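**Q** Give me a model of this one.
(one chain, ligands or ions: 2)
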Amino acid sequence: MSRRVGLLFGSFNPVHTGHLILAEYFATRTDLDEVWLVVTPHNPFKAAGGLLPEAERLRWVELAVAGNPHLRAEAIEFELPRPSYTVATLDALRLRHPGTEFVLLMGADNLPGVPQWHNAHRLLAETDTYVYPRPGAPAPHLAAFPRVQLLEAPLLDISGTYIRECLRAGYSIRYLVPPAVEAALATIDFQA
Ligand SMILES: Nc1ncnc2c1ncn2[C@@H]1O[C@H](COP(=O)(O)OP(=O)(O)OP(=O)(O)O)[C@@H](O)[C@H]1O
Ligand SMILES: O=C(O)c1ccc[n+]([C@@H]2O[C@H](COP(=O)([O-])O)[C@@H](O)[C@H]2O)c1
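**A** Ligands and ions are numbered 1, 2, ... in the order given. This is a model prediction of the structure:
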C-alpha cells in the first residue's frame, strides 16, 4: 500500500504549538503515515510585506519538527514560481514522490475560500482533503466536495498573529512555541 502523507500548508509566521499538536494528531490518530508542514514563501492572498523572512520561517519549522519521525518540514515551494499555488505544489510533490498519496489538511475556516484558489476545481477533484474544526468556524457544507471529509481534532486557539503581538509587546511566548523556536525568535528585533 502506498504511503499517505498529510500536507499542512502555511506561512508559519511563525510556527507554533497549535500547528504541531494538530500535525501530530493527524500523523498518529488517522490513516496518515506522516504529516509534512509545507512552508509557503508567498501565499497568493497575503501581502508579502507582513511576513517574517522566508528562510527563517522554514528554519523555525525545521527546529520545531526535529527528532519527530512523523513530521517533516517541506521546502518545495521555495523552488517553485511565486506566488505559491497549492495545485502547482501538489503537481510537483506527486512528480517527486510517485509512491506517495498526498492528503490536504485544512481548517474549517479556510474551506469556504478554496473555490477562489487557483485551479481549485482540479485541486479538490484530484486530492483527498481532511478538514479539521477551528474555533468559531461553523461546520462546513461538504455536499459540493466529494473528496473532502470533516475529521475531529483538538481545538487550539493559538495563532501566528497572537504570537507576533506578544513579541512586539515584549510578552512571554513560552509554551506557545517549542523551546528551540522561542530561542530563535529571541534573536529577532520585533520592535523595529
Ligand atoms: N491553532 C491552530 N490550530 C489548528 N490549525 C491552525 C492553528 N493555527 C493555524 N492553523 C492552520 O495552520 C495552517 C498554517 O497556518 P498559518 O501559518 O497561517 O498560521 P496562523 O497561526 O493562522 O497565522 P496568522 O495568524 O499569521 O494568519 C493554516 O491552514 C491554519 O488554518
Ligand atoms: O493556491 C491558491 O490559489 C492559494 C490561495 C490562498 C492560499 N493558498 C495556500 O493556503 C495555505 C495557507 O495559507 P496561510 O498563509 O493562511 O497559512 C498556504 O500554503 C497558501 O499558499 C493557496
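**Q** hey, let's count contacts and neighbours off CA atoms from now on
**A** Fine.
**Q** Low-confidence regions, the chain specifically.
**A** Across the chain, the stretches falling below the confidence threshold (pLDDT under 70) are 192.
**Q** Tell me where this structure has strands.
**A** In the chain, strands defined by DSSP state E lie at 3-10, 34-39, 71-74, 100-107, 128-132, 148-150, listed in chain order.
**Q** for the ones you listed, which one ends up most surrounded?
**A** Among these, the stretch with the highest mean neighbour count (mean count of other CA atoms under 10 Å) is strand 34-39, at a mean of 25.
**Q** Mind putting the strands of the chain into a markdown table with distance to residue 19?
**A** A markdown table is the format used below for those (distance: least, CA to CA, whole Å):
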| stretch | distance to residue 19 |
| --- | --- |
| strand 3-10 | 8 |
| strand 34-39 | 9 |
| strand 71-74 | 11 |
| strand 100-107 | 11 |
| strand 128-132 | 12 |
| strand 148-150 | 18 |
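**Q** Tell me which of these lies nearest to ligand 1.
**A** Put simply, out of the strands of the chain the one that sits nearest ligand 1 is strand 3-10, at 3.5 Å, with distance taken as CA to the nearest ligand atom.
**Q** What are the contacting residues of the closest one?
**A** Around strand 3-10, the neighbours that count as contacts under CA atoms under 8 Å, 6 or more residues apart in numbering are 23, 26-27, 31-40, 43, 99-106.
**Q** Give me the subset of those residues that also touch ligand 2.
**A** The subset of the contacts of strand 3-10 within reach of ligand 2, counting by CA under 6 Å from any ligand atom, consists of 40, 43.
**Q** Please list all residues in contact with the closest residue to residue 12 other than its chain neighbours.
**A** Computed as CA to CA, 6 or more residues apart in numbering, the closest residue to residue 12 that is not its neighbour in sequence is residue 57, at 6.1 Å. With contacts defined as CA under 8 Å, 6+ apart, residue 57 is in contact with 11, 12, 13, 14, 15, 39.
**Q** pretty sure the second one is touching residue 42, no?
**A** To tie it back to what came earlier, the one meant is residue 12. No - look at residue 12 against residue 42 with CA atoms under 8 Å: they stay out of range, at 10.9 Å.
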